[in-house]
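**Student:** Quick one, what's the 3D model for this:
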Amino acid sequence: RQKMIGILYLVLTALLALNVSKEILDAFVTVNNGLETTGQSFDKDINGLYAKFDEKKSIDPLRVMNNWKKAQEAKTFSSAISLYVDQLKKQLLRESEGFKHHEEDTIHLANVEGKERYDITTNILCGQSEDGTDGAANALRKKLAAYKNAMLALLPPDEAKQMHLSLETPDPTDGGEFRTWEMKTFYHTPLAADITILSKEQDDIKSAE
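**Tutor:** Okay, here's the model as predicted:
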């Protein structure tokens, strides 16, 4: 399911470069719904794993304590960056729609009027620099890299080398218009696409957790 959503996301991103139609915006809403549902499934599985850690610790604390502590660190790291991404999504909705009373906390992307808007989101995410590195996207990129390193550091070195986490933010190498991940990902992309991209990052975080 997650792979199918990922494929749809890539197709929509390609179509986005050609034309932003109502159908494409609605399709982003559909993909975002799927990503959010996948995130809920991740939450259920993750909470079950933490419960098992707690159970094992209560049975054999001396043997389990070290890994239980690492699990708690993973939980703390993941909660912090997930909250950051969630707050960023809310900021994009709030400022794009001009909300005054935290309506972004309750309104869903499907009910947002300005799904096609990109000026405010581009300013937030890419800032004013030509390479987009003075906006929130650059801060997100750094936080994702730090999170990945922190999570891998919880593992023995040999296992960490073999572990693949879907948290890559490479600069484009296709020789196209954009030179940075920030610009390639968020420059002039409509609100519907930005929210969907951030939902995908949240699922990648939960997958890593």
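
**Student:** Phe186 contacts Gly127, doesn't it?
**Tutor:** No: using C-beta atoms under 8 Å, Phe186 is not in contact with Gly127, being 10.2 Å away. All C-beta spots, glycine's among them, are computed from the backbone N, C-alpha and C.

**Student:** In terms of neighbours, single out the busier of those two.
**Tutor:** The neighbour comparison of Phe186 against Gly127 (other C-beta atoms under 10 Å) goes to Phe186, with 27 against 18.

**Student:** dump the residue contacts of the residue nearest to that one when sequence neighbours are not counted.
**Tutor:** Distances taken as C-beta to C-beta, 6 or more residues apart in numbering place Leu125 nearest to Phe186, at 4.1 Å, with adjacent residues excluded. By C-beta atoms under 8 Å, 6 or more residues apart in numbering, the contact set of Leu125 is Leu92, Gly132, Gly135, Ala136, Ala137, Glu182, Phe186, Asp194.

**Student:** got it, and Asn149?
**Tutor:** Here Asn149 is in contact with no residues (criterion: C-beta under 8 Å, 6+ apart).

**Student:** which among the contacts of Leu125 gets closest to Asp171?
**Tutor:** Glu182 (8.9 Å; C-beta to C-beta).

**Student:** Torsion angles phi and psi at that closest one?
**Tutor:** phi -60, psi -50 (degrees, to the nearest 10).

**Student:** Touching, it and Ala139? I think so.
**Tutor:** No: Glu182 is beyond contact range of Ala139, at 9.8 Å (criterion: C-beta under 8 Å).

**Student:** So if I had to pick from these two, which one is more boxed in?
**Tutor:** Glu182 (26 against 16).

**Student:** For Ser58, see how far away that one is.
**Tutor:** Distance, Glu182 to Ser58, by C-beta to C-beta, to the nearest Å: 46 Å.

**Student:** Please pull out the lowest mean pLDDT helix or strand from this protein.
**Tutor:** The weakest-scoring helix or strand in the chain, judged by mean pLDDT, DSSP states H and E, is helix 2-16 (a mean of 57).

**Student:** Can you name the next helix or strand after that one?
**Tutor:** helix 22-59 (DSSP states H and E).

**Student:** Show me what counts as buried in that following helix.
**Tutor:** 24-25, 27-29, 31-36, 38-39, 42, 46, 53, 57 (16 or more other C-beta atoms under 10 Å).

**Student:** on that earlier part again, export whichever strand or helix holds the residue nearest to Phe186 as PDB, just CAs?
**Tutor:** Taking DSSP H and E as the definition, Leu125 sits inside helix 119-126. Output of helix 119-126 as PDB, limited to C-alpha atoms (Å, rounded to 0.1, in the frame of the first residue of the first chain):
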ATOM      1  CA  ASP A 119       3.000  32.100  -3.300                       C
ATOM      2  CA  ILE A 120       2.700  32.100   0.400                       C
ATOM      3  CA  THR A 121       3.900  28.500   0.800                       C
ATOM      4  CA  THR A 122       6.900  29.100  -1.500                       C
ATOM      5  CA  ASN A 123       7.800  32.100   0.700                       C
ATOM      6  CA  ILE A 124       7.500  30.100   3.900                       C
ATOM      7  CA  LEU A 125       9.400  27.000   2.600                       C
ATOM      8  CA  CYS A 126      12.000  28.500   0.200                       C
END
